[in-house]
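Enquirer: Mind looking at a prediction? Sequence and model below.
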Amino acid sequence: MTKPTTHDLFIGGEWSKADNTERDTIRNPATGDVLAHVAVAGESDVKRALQTAQDAFPAWRGLIATDRADYLYRLIELIRRDTEKLARIITSENGKPLKEARIEVNFAIQLIRFAAENVRRLEGNIIPGSRPGEKILIEKIPHGVVAGISAWNFPLALTARKLGPALAAGNTFVIKPHELTPLSTLALAELSVEAGFPKGIFNVVTGGGVTVGNALVTNPITRLITMTGSTPAGRKIMAAASEGLKEVRLELGGKAPFIVMEDADIDAAVNAAVAARFMNCGQVCTANERTYVHTAVYDEFLKRLRTKVEALKTGNPLDEDTDMGPKISAQELEKVDAMVRKAVEQGAKVELGGKRLTGGAYDRGNFYAPTLLTNVKGDMDIVQNEVFGPVLSLIRVKDFDDAITQANNSRYGLSAYMFTQDLKNIMRMTNELNFGEIYVNREGGEAAQGFHHGYGDSGIGGEDGQYGLEAYVDTKTVYLNA
Ligand SMILES: NC(=O)C1=CN([C@@H]2O[C@H](COP(=O)(O)OP(=O)(O)OC[C@H]3O[C@@H](n4cnc5c(N)ncnc54)[C@H](O)[C@@H]3O)[C@@H](O)[C@H]2O)C=CC1
Ligand SMILES: O=C(O)[C@@H](O)[C@@H]1OC[C@H](O)[C@H]1O
């Protein structure tokens, strides 16, 4: 076991002690080992970080877009150089297998790269004026100080997803990583120094949501809040932001349906269903939370699915052949277990797993068995509430209309999946499924150039791609006369 590290806040391009001496203990969810002791910001520290970002704003916005992009390209090079180190930090703090952590580092690079490449395309408009000779210009301008609040499931990529467009567009940025997984964001801060970032454009304040997060949201300096996390926390943030009439972008939970029709390529569908459910121990907002299979292929699908789930190797996430690591925390583990118990009470059948993994190294971490439930019905709690864990619920549907009706019966609206070869079904599903991101004949995984956006309880705003980048700018209209 390596010695725990100690971390201060990152304000004004340097490490800065919090005004109090309190520290959060960060633990490895696979072993329980203490990884680090991290500063807990107080309200005065949050104010200081925001003021520093505010002071850095005029010079940063004054740079031409390509100069701002060049700083981001320098950061990207350093992230690429340190891929292995960053991946190991992600795996230690979050518990995802190292092979997935490497993918996350690359995704972080792609997200920042898209922002750097496309900031020159933040184009405005010139509109004919309402007086002779007049031109009306609508230009895109940065908001000012952007506050990021992120989740623990993709600790580096979620920071990158917000930092890239915020900075590229000329804003300055303060982020609060999740209190369970601040270490990869702090490592990114270290790299920003090496990249020569101007002081104050990127700041990190660590600590809890109700304290540090709320102080970021309510401070008048903050103009835009971009958050990833749970629906209840998103609601609170939106309510708190309303007082200052601030813009919010909230990327919240999901309850993706995964539809398999009778003409689907069954092997491809099974592989994708498993990837979309068990990646990151099921802790993904786009995860396959409800698998709807046409009755004509249900038995065959179940047979092949069972083989695939049984083969998943759960264990030490640092081992190259591990498929699934632990849940992030004991609390999350208990939540999932309680949901499975409730499903069984309501009539579900446990085909595989359905319990915490114990014995040997499992006793030290938050390990849950890859779980397969059948006899699941649409009105069960497990079909309505986000599991965010390694539990695949299989539901039989009688036909296409039944699949669409059941899939749409959710208060969430982020992602949906469908497997079918029939173009008519595909056309109908893409029209009728009430979800912001639909994967046809493939597993999930957003592209940096796409748009990651959900309806209903899944949030408001959206991120990534050109639409996501546009969220980080405001407009200014100029009536131009000589
Ligand atoms: N959209 C997604 O991808 C994610 C969804 N979740 C869902 O949320 C559930 C609970 O996870 P949590 O860690 O408890 O999520 P959470 O929503 O409490 O935390 C997300 C972020 O919001 C901050 N936060 C919480 N309350 C706040 C407040 N009142 N004001 C300002 N900031 C606040 C937290 O400190 C953290 O940085 C999971 O089981 C899962 O269902 C969790 C992580 C990511
Ligand atoms: O928070 C989530 O789970 C999603 O936004 C997630 O972030 C990076 C992954 O690629 C997404 O699915």
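Expert: Yep, that arrived. None of these values were measured; they are calculated from a predicted model. Ligands and ions are numbered 1, 2, ... in the order given.
Enquirer: contacting residues around the nearest residue to Asn214 once chain neighbours are set aside?
Expert: Nearest non-adjacent residue to Asn214, counting by CB to CB, 6 or more residues apart in numbering: Ala240, 6.1 Å away. C-beta: built from backbone N, CA, C; applies to glycine. The neighbours of Ala240, taking CB atoms under 8 Å, 6 or more residues apart in numbering as the test, are 214, 217-218.
Enquirer: from these, which single one is nearest ligand 2?
Expert: Nearest to ligand 2 among these: Val217, at 18.9 Å, using CB to the nearest ligand atom.
Enquirer: Leaving out chain neighbours, which residue sits closest to the closest one?
Expert: Leaving out its chain neighbours, the residue that sits closest to Val217 by CB to CB, 6+ apart is Ala240, at 4.7 Å.
Enquirer: Secondary structure element holding that neighbour?
Expert: Secondary structure from DSSP states H and E places Ala240 in helix 231-242.
Enquirer: and for the following helix or strand past that helix, what are the contacting residues?
Expert: For helix 231-242, the following helix or strand on the C-terminal side (DSSP H and E) is strand 247-251. Strand 247-251 is contacted by residues 143, 223-229, 234, 237-238, 241, 285, 452, 454, 458-463, 471 when judged by CB under 8 Å, 6+ apart.
Enquirer: Which ones, among the residues you listed, also lie beside ligand 2?
Expert: Among the contacts of strand 247-251, proximity to ligand 2 is found for 228, 285, 452 (CB under 6 Å from any ligand atom).
Enquirer: In strands only, show me the residues you listed.
Expert: If you go by DSSP state E, those have Thr228 in strands.
Enquirer: Return the closest of the ones next to ligand 2 among the contacts of strand 247-251 with respect to Asp82.
Expert: Nearest to Asp82 among those, counting by CB to CB, is Thr228 at 23.0 Å.
Enquirer: measure that closest one to Leu122 for me?
Expert: In this structure, Thr228 and Leu122 are 23 Å apart, going by CB to CB, to the nearest Å.
Enquirer: What segments of the stretch 101-250 of the chain are helices?
Expert: 155-168, 183-194, 214-218, 231-242 (DSSP state H, counting those that start in this stretch).
Enquirer: again but with the stretch 351-482 of the chain, I slipped
Expert: Using DSSP H, counting those that start in this stretch, the helices of the stretch 351-482 of the chain run over 381-384, 400-408, 423-432, 465-470.
Enquirer: mind listing what's buried in the helix holding Ala240?
Expert: Buried residues in helix 231-242, counted by 16 or more other CB atoms under 10 Å: 231, 233-234, 236-238, 240-241.
Enquirer: and which of those residues is nearest to ligand 1?
Expert: Nearest to ligand 1 out of the buried residues of helix 231-242 is Ala233 (CB to the nearest ligand atom; 3.2 Å).
Enquirer: Please tell me how far the nearest residue to the closest one once chain neighbours are set aside sits from ligand 2.
Expert: Spatial nearest neighbour of Ala233, excluding adjacent residues (CB to CB, 6+ apart): Gly209 at 6.0 Å. Gly209 sits 15 Å away from ligand 2, going by CB to the nearest ligand atom, to the nearest Å.
Enquirer: ok, the residue lying farthest from the centre of the chain to ligand 1 distance?
Expert: Centroid-distance maximum for the chain: Pro132 at 50.0 Å, with CA atoms, centre = their mean. Taking CB to the nearest ligand atom as the measure, Pro132 and ligand 1 are separated by 52 Å.
Enquirer: What of Ala49?
Expert: With CB to the nearest ligand atom as the criterion, Ala49 and ligand 1 are 15 Å apart.
Enquirer: residues in contact with the residue nearest to Ala233?
Expert: Gly209 is in contact with 149, 176, 179, 229, 233, counting by CB under 8 Å, 6+ apart.
Enquirer: Chain neighbours aside, what residue packs nearest to the one residue in the chain that gets nearest to ligand 2?
Expert: Sorted by distance to ligand 2 under CB to the nearest ligand atom, the residues of the chain start with Cys285, at 3.4 Å. Among residues not flanking Cys285 along the chain, Gly254 sits closest, at 4.3 Å (CB to CB, 6+ apart).
Enquirer: Backbone dihedrals for the one you found, both of them.
Expert: phi -150, psi 170 (degrees, to the nearest 10).
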